[in-house]
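> Build me a model:
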Amino acid sequence: MSAADANPSLFDRGLATRREVLGRAHVERSMAGVSGFSRPVQELVTEFCWGAVWTRDGLDRRTRSLINLGMLTALGRDHELAVHVRAAVTNGCTVAEIREALLQTTVYCGVPAATHAFRIAERVLRELDELADEPAGDGTAER
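Now for the predicted structure:
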């Protein structure tokens, strides 16, 4: 399956949405780095995930981002969690909303998964300069 074989309207809408949410550079790196073997999965993800689901009217992008943070925490998908913390900021989620979404995962996913997700999110938010006004902490909360 190639982009030409995929549903062109869903693929094109998905590619546009994917670029808007994840950033053009990230998507271009992802698409350029695929092999002939993995190209079909990238096209499938672009068409169905980004074209058929992310473009639906039922939820706004901020809500979809917060849901993704919870699911990726539950699944322990660190790389994707970092990508979607960036996407959440792009989609207008505040640091407080991201923190609350991750705090919710503590109850439903468990403390180890949530504290790990907090570490990933904090690293990404610091890289994005979203935590510039918050102190780094003195380590006293570590247990």
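
> Show me the shaky parts of this protein.
Applying pLDDT under 70 to the chain picks out residues 1-6, 133-143.

> Next, name the residue at the spatial heart of the chain.
For the chain, the residue nearest the mean C-alpha position is residue 84 (1.5 Å; Cα atoms, centre = their mean).

> Tell me who's in contact with it.
65, 68-69, 72 (Cβ atoms under 8 Å, 6 or more residues apart in numbering). C-betas here are computed from N, CA, C, even on glycine.

> Helix, strand, or coil at it?
helix (DSSP: H, G, I helix; E, B strand; the rest coil).

> Tell me the spacing between it and residue 23.
Residue 84 sits 12 Å away from residue 23, going by Cβ to Cβ, to the nearest Å.

> And residue 59, by the same measure?
21 Å.

> Could you do residue 100 as well?
Relative to residue 23, residue 100 is positioned 24 Å away (Cβ to Cβ).

> Show me the chain divided up by domain.
1-56, 59-143 (automatic domain parsing).

> Let's see the longest helix seen in the chain as PDB, backbone CA atoms only.
Identified as the longest helix of the chain according to DSSP state H is helix 111-127. Taking C-alpha atoms only, helix 111-127 is exported to PDB below (Å, rounded to 0.1, in the frame of the first residue of the first chain):
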ATOM      1  CA  VAL A 111       1.800   5.000  41.000                       C
ATOM      2  CA  PRO A 112       4.900   3.600  39.100                       C
ATOM      3  CA  ALA A 113       3.300   4.300  35.700                       C
ATOM      4  CA  ALA A 114       2.100   7.800  36.700                       C
ATOM      5  CA  THR A 115       5.400   8.900  38.400                       C
ATOM      6  CA  HIS A 116       7.300   7.800  35.300                       C
ATOM      7  CA  ALA A 117       4.900   9.700  33.100                       C
ATOM      8  CA  PHE A 118       5.300  12.800  35.300                       C
ATOM      9  CA  ARG A 119       9.100  12.600  34.800                       C
ATOM     10  CA  ILE A 120       8.700  12.300  31.000                       C
ATOM     11  CA  ALA A 121       6.200  15.200  30.900                       C
ATOM     12  CA  GLU A 122       8.300  17.400  33.100                       C
ATOM     13  CA  ARG A 123      11.300  16.900  30.900                       C
ATOM     14  CA  VAL A 124       9.400  17.700  27.800                       C
ATOM     15  CA  LEU A 125       7.700  20.700  29.400                       C
ATOM     16  CA  ARG A 126      11.100  22.000  30.500                       C
ATOM     17  CA  GLU A 127      12.400  21.600  27.000                       C
END
